[in-house]
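no sequence on this one, just coordinates:
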């Protein structure tokens, strides 16, 4: 008779499999570290001078003959190789360090690519990439022409499933498991690795419910490190604890003395039972997991629950994974690991954000290499203006979906913790919660990355727009975002929001306009608003005056924003520049007059292009206008530009279907193009995916920098012959 999964796990040494986890750090002694050539006490911190085991690994199959001592040495070498690589490129650091031992264990026990390992979000995949033949390419991590910071199927056969957003791994693993079963494949090992942050997403529970119901053979590994939000610990209405009741639940489960004492007793007793008493064994095990602890959520969903287990202890982890691999049982399993984010590198373990996402840094100290001084980020400008508004209006509240640091809600939360709500990775819930707040008279600012708002789209339509509720949706990271690549670009919001009735949609061109639009959203109660702004910094007072034409009192940016008229744009520059007067001879004839109508921060590039065109051509006059709003359009401004110019070019940081299409729709329906005297061109992000690079490189690839705008003007005014662009 073959052992059941329950009995097989029970056969593991009690002290090894389910001993209380007092301190993960106790597993690695200073003697062991010294033997491995690691100088931990520091600073300065340093790793092994040589990495002989890692040097011998070209693919996971090279790990199969290693004994436990060498596997531990490999884990240490792998950790420092990851650290050395990321210190030179920047990227997601601590999440990779936290799964370092797990990565070694998984590749040792399972056989990729025949077995599938799916990393949820996959920002923790750097050790996985190093072990799967991409070590030499880590110098190009998240750079133009280099490898992605996430898993990508087209990059390697060892990347079972691409990711970048959260909570998708369990669904993908179930789909693979079902397919392997239906196709009668010899092996069916599908492993989903998901963190305690990602598992707060509703899609994860949908998948677990389905997997338990369908009894899909799969292993879900819950990487529980207590870091639900970025950063965890932001003051909010829930306090400073992780934004997840599940995290609290698993922590309480871990330290439950009845759980530890009774399960240890039950497991020890079960080892004495003969094989034919497996039924009794199963009932005792269920009693230990069910009656004593009050049951586990995961088992109610149909999973066999194993844990908690120290995720940094290879002596423990490998035999458990081997038992799970070899079990004939088709019931899905959840293996609960406790880990430390940033484990093994003191600067990461001690940092408030655990060094989650880092710039290049000094490996010896952990100090990040960032530009000194500089202008404040657009995110911080937004947050501080929201604080200004909330100081005068007690009904203003902020909502974030586990991204307080990225959206500025950490700044807002420090000032108004009781008015800050972190709901975990739950964008759908965030939007509808905001709708409920609006029903009762609050002014919710739902602050979500543009790319993540895609996950709450139905709620925007069904719960907000149809009911015309004044929810303020703040979309950070609009446009291309740089090194995170295609999963994180905010390319589509103008298109997917623009087609929804009742929305007011605006996009600032600079930091002053951002302040003004935050204030405008706060004051607007007649329906839902969308404010989208890009990743990056403000321009500073000098450039705002010299390039944008602002006249700032005392050369200082205003401390507070002002309300601007809904649906009204502005002309920034007339032919001849800001100081143009009656003596200006540019654009005397309509055929020589060009209008650039920008929305968002491409206005900067439009102003540069306008000046360069006029410097090179004495006849051409270029007007530059800032639309400010996509909905409602400033139709008076568009009519003025169309009537007075022979060329009208729209520019936006978005895909086809956005602002340019709305303008073109109005031009055609208003008859402004009927006489054939107006040339219209929308400049948008082309229909392609932009891989990791800097933002400037991505806009260069997209054809949306100043030189491309200049080229479009020159072509349409017949000042130069430009080759026809091939479709991309």
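Here it is on my side, so go on. Source: prediction; values computed, not measured. Numbers count the residues shown, from 1 in each chain.

state the number of residues packed around residue 69.
Residue 69 has 12 neighbours, counted by other CB atoms under 10 Å. All C-beta atoms are positioned from the backbone trio N, CA, C, and that covers glycine.

would you agree it falls within a strand?
No: under DSSP: H, G, I helix; E, B strand; the rest coil, residue 69 sits outside any strand and is assigned helix.

same for the helix or strand hosting residue 128, what does it pack against?
Taking DSSP states H and E as the definition, one finds residue 128 inside helix 126-129. Where contact means 3 or more CB pairs under 8 Å, 6 or more residues apart in numbering; DSSP states H and E, helix 126-129 is packed against helix 68-89, helix 100-109.

deepest-packed of these, please.
helix 100-109 (a mean of 26; mean count of other CB atoms under 10 Å).

does residue 355 touch residue 348 like I think?
Yes: judged on CB atoms under 8 Å, residue 355 makes contact with residue 348 at a distance of 4.0 Å.

give me the common contacts of the two.
93, 94, 342, 366 (CB atoms under 8 Å, 6 or more residues apart in numbering).

now do the contacts for the second one.
Put plainly, it is residue 94. Contacts of residue 94 by CB under 8 Å, 6+ apart are 341, 342, 345, 348, 351, 354, 355, 356.

please name the nearest non-neighbouring residue to it.
Leaving aside its chain neighbours, residue 94 sits nearest to residue 342 (3.5 Å; criterion: CB to CB, 6 or more residues apart in numbering).

same question for the last one.
Excluding the flanking residues, the one nearest residue 366 by CB to CB, 6+ apart is residue 347, at 2.5 Å.

settle this for me: residue 562 is touching residue 516, isn't it.
Yes: at 5.5 Å, residue 562 counts as touching residue 516 under the criterion of CB under 8 Å.

the nearest residue to residue 663 once chain neighbours are set aside - how many residues pack around it?
Excluding the flanking residues, the one nearest residue 663 by CB to CB, 6+ apart is residue 650, at 5.2 Å. Per other CB under 10 Å, the neighbour tally for residue 650 reads 27.

now the strands: where do they sit in the stretch 501-650 of the chain?
Applying DSSP state E, counting those that start in this stretch to the stretch 501-650 of the chain gives strands spanning 504-506, 529-534, 570-573, 593-599, 621-626, 629-631, 647-655.

closest one to residue 615 among the ones you listed?
Proximity to residue 615 (CB to CB) singles out strand 621-626 among the strands of the stretch 501-650 of the chain, at 10.6 Å.

need the residues that contact that closest one.
509, 513, 569-576, 584, 586-587, 592-599, 603, 606-607, 609-610, 613-614, 637, 641, 644-645, 713.

that older thread, determine which two of the contacts of residue 94 are furthest apart.
345 and 356 (12.6 Å).

list the residues that contact both of those two?
Counting by CB under 8 Å, 6+ apart, the residues touching both residue 345 and residue 356 are 93, 94.

not counting its neighbours along the chain, what's nearest residue 331?
Residue 331's closest residue in space is residue 304 (CB to CB, 6+ apart), at 5.3 Å.

from residue 222, how far out is the one you found?
Look at residue 304 and residue 222: by CB to CB, to the nearest Å, they are 13 Å apart.

who's more crowded, these two?
The residue with more neighbours, out of residue 304 and residue 222, is residue 222; 25 against 22, by other CB under 10 Å.

can you tell me how far that one is from residue 510?
Using CB to CB, residue 222 is found at 44 Å from residue 510.

who touches residue 164 in this structure?
So residue 164 contacts 121, 122, 123, 150, 484, 485, 486, 487, 488 (CB under 8 Å, 6+ apart).

in helices only, show me those residues.
Using DSSP state H, no member of those falls within helices.

pLDDT of stretch 703-721, averaged?
Averaging the model's pLDDT scores along stretch 703-721 yields 92.

looking at this, residue 446 is in a helix?
No: Residue 446 is assigned strand when assessed by three-state DSSP, not a helix.

of the contacts of residue 164, which is the nearest to residue 112?
Within the contacts of residue 164, proximity to residue 112 (CB to CB) peaks at residue 122, which comes in at 14.4 Å.

who has more neighbours out of residue 345 and residue 356?
Using other CB under 10 Å as the criterion, residue 345 and residue 356 rank with residue 345 on top: 25 against 20.

so that one versus residue 352, what's the distance?
Look at residue 345 and residue 352: by CB to CB, they are 15 Å apart.

residue 191 now?
31 Å.

and those two? which has more neighbours close in?
Higher neighbour count among residue 191 and residue 352: residue 191, with 27 against 12, using other CB under 10 Å.

what count of nearby residues applies to residue 666?
When neighbours are defined as other CB under 10 Å, residue 666 has 15 of them.

any weak-confidence spans in this protein?
Along the chain, the model assigns pLDDT under 70 to residues 1-41, 227-236, 238-296, 579-585, 721-728.

show me the helices in the stretch 551-700 of the chain, by range?
Along the stretch 551-700 of the chain, the segments classed as helices by DSSP state H, counting those that start in this stretch run 603-616, 635-644, 659-669, 695-702.

nearest to residue 46, of the ones you listed?
Per CB to CB, nearest to residue 46 of the helices of the stretch 551-700 of the chain: helix 695-702, 33.2 Å.

return the distance of the helix or strand following that closest one from the chain's centre.
For helix 695-702, the succeeding helix or strand toward the C-terminus, using DSSP H and E, is helix 706-716. Taking CA atoms, centre = their mean, to the nearest Å, one finds helix 706-716 lying 34 Å from the centre of the chain it belongs to.

ditto for stretch 387-394
The chain centroid and the centroid of stretch 387-394 are separated by 29 Å, computed with CA atoms, centre = their mean.

buried set for it?
Applying a neighbour-count criterion of 16 or more other CB atoms under 10 Å, the buried positions in stretch 387-394 are 387, 388, 389, 390.

which residues touch that stretch?
Applying CB under 8 Å, 6+ apart, the contact partners of stretch 387-394 are 396, 398, 411-412, 415-416, 419, 443, 518-519, 522, 559-561.

where's residue 546 relative to residue 417, distance?
40 Å.

pick out whichever of those two has more residues nearby.
residue 417 (15 against 11).

so the more buried one sits right up against residue 397, yeah?
No: using CB under 8 Å, residue 417 is not in contact with residue 397, being 11.2 Å away.
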